[in-house]
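> Here is a sequence with its predicted model. Questions after.
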Amino acid sequence: MPNRLRFAPSPTGALHIGGIRTALYNFLLARQKGGQFILRIEDTDQNRFVPGAEAYIIRSLEWLGLQMDEGPVSGGLYGPYKQSERLLMYKDYATKLIDEGKAYYAWDTAEDLEAKRQSVQDHSFKYDASVRTHMKNSLSLSGEEVKTNLEADLPYTIRLKVEPGQSIIIQDKVRGEVVFDSTELDDKVLFKSDGFPTYHLANVVDDHLMDISDVIRGEEWLPSTAHHVLLYRAFGWEDTMPTFSHLPLILKPNGNGKLSKRDGQKFGFPVFPLAWPSDNPAESIEGFDSYGFEPEAVVNFLALLGWNPGTEQEIFSLEELIANFDPEKIHKAGARFDFDKALWFNQQYVHKLEFSDAEERLRTQGQALGFDLNAGDLVGAFRLLQPRVSLLKEIMPLAYYFFTDSIEFDNEEINKKWKPEVAPVLEKVADALQNVEPFNFDVAGAAAKEMINSSGVKMGLVMPMLRAALTGTMQGPDVFAIAEVLGREKTIQRFRDFAKR
Ligand code: GLU
């Protein structure tokens, strides 16, 4: 049987990176096994539906390069892939369980249930075998009453009839053997009075009908898995039940609890893949994309948040992740989110970028900054500054002196270090560079240094001023590396102008 894996998010808002990691692990295993990666939208909770969330999820997967084989956009043989478009079917499955005595109608109102809850010590009321005979349902009411209720179209829910005293054993690929006792479980609602199935019913029915072979999801779903196994049993589908892997939490940077959607604003880093702009600035969300991350770096970073192949290797292309991924090596303990580490990963990818990968973004940014991009050597600037940044977007602001002749000088710093005897040396260096061939880092650099040495003024006084002359500041790449990109004419001009200041 081919491996079919699904990512099954609920469109309740922007997808947090924990969700993205879940999608990624599903994708990796599907690709490794030559199977399918499926997107299924679980939109059965009307109260939590957020417009735009589905599109956001799809754009996020596309941005990260996690190509879907089946889903709401690409379609497929197992569609529809949105649960709200499969409603009638769930009802049939729930009714089938009622007919077989494995589920029942319940007419308890929200008020009835609340009253029960209040009447129980510590309010831990559980609708189960021990109480169901005292409640309003098709197991406790007479046949006549049931018929009347159904004919009167009284709103009902359908509940799973959980038989106590059964043990439920799950072989989780991450957690190992997990055992539940059905006596602890409630009679879960499978179908709601609003005509929608609950997550539990829809999830199990769809995993079965879509031939899902492996379920990889967050550990918050582990307790629900007990009910899911009971549902597989009730439907007689236990033989084709998928394997389960429940992923550890992603923790806050300090390790104290789960990384939440609000932590992004709190700690000042993105926790979402893509930005989610809003007219209300307080509600706008920053994404790894708007922060300037390369999608390949985000994939690499997330893959290692809770899994590693047991070697020292940290940089993995998507192909290498596909080849190496092993669900059995997913960690049990939560993974601490470390933003500096995320930046480190991005840096590795930025350093590997070809100019052609970066050109369009550099140009757009340069234009936005008002640079005259024809005035300077964009490729040279990129190559020079690339090793100095973690995010591609840091390059253009650093590169401004290549694209303008009106340099802004950091006078405060410059004046602290300026010695009048440096001025004639700058002129002499300019003279020396007039005829060096070729005008590059090595040859121009050697000629300038020779001139400085023979001037008797300390190298340590002159060099920072050469850099200041070219860039306006005291920091930056090697002076002659800058000079090479800037070209002979501009370099000489800037040295002379600076000498006259
Ligand atoms: N709809 C659930 C969620 O939003 C899916 C859980 C699962 O994968 O079974 O996470």
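Arrived safely. Numbers count the residues shown, from 1 in each chain.
> Now do the buried residues in the strand or helix carrying residue 493.
Element membership of residue 493, judged by DSSP states H and E, is helix 488-499. Within helix 488-499, the residues scored as buried using 16 or more other Cβ atoms under 10 Å are 488, 490, 491, 492, 494, 495, 498, 499. Where you see a C-beta, it was placed from the backbone N, CA and C, and this is true even at glycine.
> Enumerate every residue touching the fifth one.
When contacts are counted by Cβ atoms under 8 Å, 6 or more residues apart in numbering, residue 494 is found next to 407, 469, 470, 486.
> State the distance from it to residue 369.
20 Å (Cβ to Cβ, to the nearest Å).
> again with the first one
In this structure, residue 488 and residue 369 are 26 Å apart, going by Cβ to Cβ.
> same deal with the last one?
From residue 499 over to residue 369 the distance is 29 Å, taken as Cβ to Cβ.
> For the ligand, what's the nearest residue on the stretch 201-350 of the chain?
The ligand sits closest to residue 217 of the stretch 201-350 of the chain, with a gap of 3.5 Å, by Cβ to the nearest ligand atom.
> Look up the closest residue to that residue, ignoring the ones flanking it.
Nearest non-adjacent residue to residue 217, counting by Cβ to Cβ, 6 or more residues apart in numbering: residue 22, 5.8 Å away.
> element containing that neighbour, please.
helix 17-32.
> So that helix, near the ligand or not?
No: for a cut-off given as Cβ under 6 Å from any ligand atom, helix 17-32 has no contacts with the ligand; the smallest distance is 6.9 Å.
> tell me what that helix is packed against?
strand 4-7, strand 36-39, strand 214-218, strand 243-247, strand 250-251, helix 295-303, helix 318-324 (3 or more Cβ pairs under 8 Å, 6 or more residues apart in numbering; DSSP states H and E).
> Quick check: residue 132 touching residue 139?
Yes: here residue 132 reaches residue 139: they are 5.8 Å apart, a contact under Cβ atoms under 8 Å.
> residues from the stretch 1-150 of the chain in reach of the ligand?
8, 9, 10, 42.
> where's the residue nearest to the third one when sequence neighbours are not counted relative to residue 323, distance?
It stands for residue 10. Nearest in space to residue 10, with sequence neighbours left out and distances taken as Cβ to Cβ, 6+ apart, is residue 42 at 4.7 Å. Distance of residue 42 to residue 323, computed by Cβ to Cβ: 30 Å.
> what does residue 213 give?
Using Cβ to Cβ, one gets 20 Å for the distance from residue 213 to residue 323.
> Give the residue from those two that has the larger number of neighbours.
residue 213 (21 against 13; other Cβ atoms under 10 Å).
> Quick check: the residue of the stretch 351-500 of the chain found nearest the ligand vs residue 364, distance?
Per Cβ to the nearest ligand atom, residue 391 is where the stretch 351-500 of the chain lies closest to the ligand, at 30.4 Å. Taking Cβ to Cβ as the measure, residue 391 falls 15 Å from residue 364.
> Test for you: state the pLDDT assigned to the residue lying closest to residue 78 once chain neighbours are set aside.
Distance criterion Cβ to Cβ, 6+ apart; nearest residue to residue 78, sequence neighbours excluded, is residue 210 at 4.4 Å. On the pLDDT scale, residue 210 is placed at 98.
> what's residue 210 sitting at in phi/psi?
phi -90, psi 10 (degrees, to the nearest 10).
> Count the residues that sit near it.
The burial count for residue 210: 21, using other Cβ under 10 Å.
> what about it, distance to residue 397?
Distance of residue 210 to residue 397, computed by Cβ to Cβ: 48 Å.
> With residue 379 instead?
18 Å.
> Name the SS class of the residue lying closest to residue 418 once chain neighbours are set aside, please.
Once flanking residues are discounted, residue 418 sits nearest to residue 465: 6.8 Å by Cβ to Cβ, 6+ apart. Applying DSSP: H, G, I helix; E, B strand; the rest coil to residue 465 yields a three-state assignment of helix.
> just to revisit the earlier point, who has more neighbours out of residue 132 and residue 139?
residue 132 (20 against 17).
> neighbours of residue 409, just the number please.
15.
> Tell me which stretches of the stretch 1-150 of the chain form helices.
17-32, 53-63, 87-99, 110-119, 143-151 (DSSP state H, counting those that start in this stretch).
> So for the fourth one, mean pLDDT?
Mean pLDDT, helix 110-119: 92.
> now the second one
Averaging pLDDT along helix 53-63 yields 97.
> One more: the longest one?
pLDDT averaged over helix 17-32 equals 97, rounded to a whole number.
> and if you look at the third one?
Rounded to a whole number, the mean pLDDT of helix 87-99 is 96.
> so how far is that helix from its chain's centroid?
Here helix 87-99 shows a centroid-to-chain-centroid distance of 36 Å under the convention Cα atoms, centre = their mean, to the nearest Å.
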